[in-house]
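Peer 1: Below is the sequence, then the predicted model.
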Amino acid sequence: MGGKPCIGVTAPAKGGFGSWLFTRLVLAMYGAKAVKITTKQPVDVQAYQGFVIAGGADIDPRLYGKELKEEWDTMARFSLKAWLLLPLVLVVRVFSSDTNSRNVDKDRDALELEIIAHAFKHRVPLLGICRGMQLMNIYRKGTLHQEIKDFYVESPHLTTLLPRKTIYIDANSALYGILGHERYRVNSLHHQSIDRLGEGLRKVAWEANGIVQAIEAPEHPLFIGLQWHPEYLLQFAPQRAFFFRLVALAKHVTPRAT
């Protein structure tokens, strides 16, 4: 099966340049052609051999049976170090997502749910990042915590591009097979997380307070969701390994005829 595998990478219709740039770069490093998918153009999901569901705006809570909360006081809990790093975070966030992650994007939700359903049913490799992982869980009838600040009683809720958050990994998981560590440090740009786990999914990484950091579908070739952003940690080989595995499996997928 020759040629470069075609990987669809989702993005918001506006913004998202940083995440797209880094993801496209690492996929090209491993011999894949990355195609940006947004709601601006019609999408033929059957034309792709793999997918990255990228981060971005909050998911419409009505998709998992809840109402949208208006509170936004997470900034009040930022540490001094977080404030010092804030300019860098903001620069990347401006280019990596819509201007306000708390604005829901119903059209993007619908498009990405269609992609996730296709990948799950047809065993097409898929990597979900942050919002992408959360949407994978909703697709499998799971739910989310709309705000997780109250979970951080003994330690601060980190908002950082740097790998400062410690997570713990199930040694009997596909995730462990990729990362090769039972304890690892990742970045953190989220304020929501998985509440009830979706059907047929496994929690394979978590924080000390129980916040879910990664999920996977055991019977699928690659259906892994990460709460962190590996595309911003490409200087670390284990983080690049997610994209290497995605491309390696995509090479064996035949695009379905339309």
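Peer 2: Everything's here; your move. Residues are numbered from 1 along each chain as shown.
Peer 1: rest of the way, CA atoms for contacts and neighbours
Peer 2: Noted.
Peer 1: what's the neighbour count on the closest residue to residue 198 other than its chain neighbours?
Peer 2: With C-alpha to C-alpha, 6 or more residues apart in numbering as the criterion, residue 198 has its nearest non-adjacent residue at 3.8 Å, and that residue is residue 142. Burial of residue 142 is recorded as 20 neighbouring residues (other C-alpha atoms under 10 Å).
Peer 1: how far is the strand ranked longest in the chain from where the chain is centred?
Peer 2: Determined from DSSP state E, the single longest strand within the chain is strand 160-169. For strand 160-169, the distance between its averaged C-alpha position and the chain's averaged C-alpha position is 15 Å (C-alpha atoms, centre = their mean, to the nearest Å).
Peer 1: List the buried residues for whatever helix or strand comes next after it?
Peer 2: If you walk from strand 160-169 toward the C-terminus, the next helix or strand you reach (DSSP states H and E) is helix 174-179. Applying a neighbour-count criterion of 16 or more other C-alpha atoms under 10 Å, one finds 174-176, 178-179 buried in helix 174-179.
Peer 1: what does stretch 212-222 give?
Peer 2: Residues of stretch 212-222 classed as buried: 212-217, 220-222 (neighbour count, 16+ other C-alpha under 10 Å).
Peer 1: Could you save those residues as JSON lines and add columns showing distance to residue 249?
Peer 2: As requested, the buried residues of stretch 212-222 are arranged in JSON lines below (distance: C-alpha to C-alpha, whole Å):
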{"residue": "212", "distance to residue 249": "25"}
{"residue": "213", "distance to residue 249": "23"}
{"residue": "214", "distance to residue 249": "20"}
{"residue": "215", "distance to residue 249": "18"}
{"residue": "216", "distance to residue 249": "16"}
{"residue": "217", "distance to residue 249": "15"}
{"residue": "220", "distance to residue 249": "11"}
{"residue": "221", "distance to residue 249": "8"}
{"residue": "222", "distance to residue 249": "8"}
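Peer 1: Which member of these is positioned nearest residue 184?
Peer 2: Distances from the buried residues of stretch 212-222 to residue 184 were compared by C-alpha to C-alpha; the smallest belongs to residue 213, at 11.1 Å.
Peer 1: Tell me which other helices or strands the helix or strand that contains that closest one touches.
Peer 2: With the criterion set as DSSP H and E, the secondary-structure element containing residue 213 is strand 212-216. Contacts of strand 212-216 with other secondary structure elements, assessed using 3 or more C-alpha pairs under 8 Å, 6 or more residues apart in numbering; DSSP states H and E, are made with strand 202-206, strand 223-226.
Peer 1: Quick one: mean pLDDT over whichever helix or strand comes after the last one.
Peer 2: When you say that, I think you mean strand 223-226. For strand 223-226, the following helix or strand on the C-terminal side (DSSP H and E) is helix 237-250. The average of the pLDDT scores along helix 237-250 is 97.
Peer 1: Alpha carbons of helix 237-250, as PDB, please.
Peer 2: Taking Å, rounded to 0.1, in the frame of the first residue of the first chain, the C-alpha atoms of helix 237-250 are listed here in PDB:
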ATOM      1  CA  ALA A 237      10.200  11.300  21.700                       C
ATOM      2  CA  PRO A 238       7.500   9.600  23.700                       C
ATOM      3  CA  GLN A 239       5.100  12.400  22.800                       C
ATOM      4  CA  ARG A 240       6.000  12.100  19.100                       C
ATOM      5  CA  ALA A 241       5.400   8.400  19.300                       C
ATOM      6  CA  PHE A 242       1.600   9.000  19.300                       C
ATOM      7  CA  PHE A 243       1.800  10.400  15.800                       C
ATOM      8  CA  PHE A 244       4.300   7.800  14.700                       C
ATOM      9  CA  ARG A 245       1.800   5.000  15.800                       C
ATOM     10  CA  LEU A 246      -1.100   6.800  14.100                       C
ATOM     11  CA  VAL A 247       0.800   7.100  10.700                       C
ATOM     12  CA  ALA A 248       2.100   3.500  11.000                       C
ATOM     13  CA  LEU A 249      -1.400   2.100  11.400                       C
ATOM     14  CA  ALA A 250      -2.900   4.500   8.800                       C
END
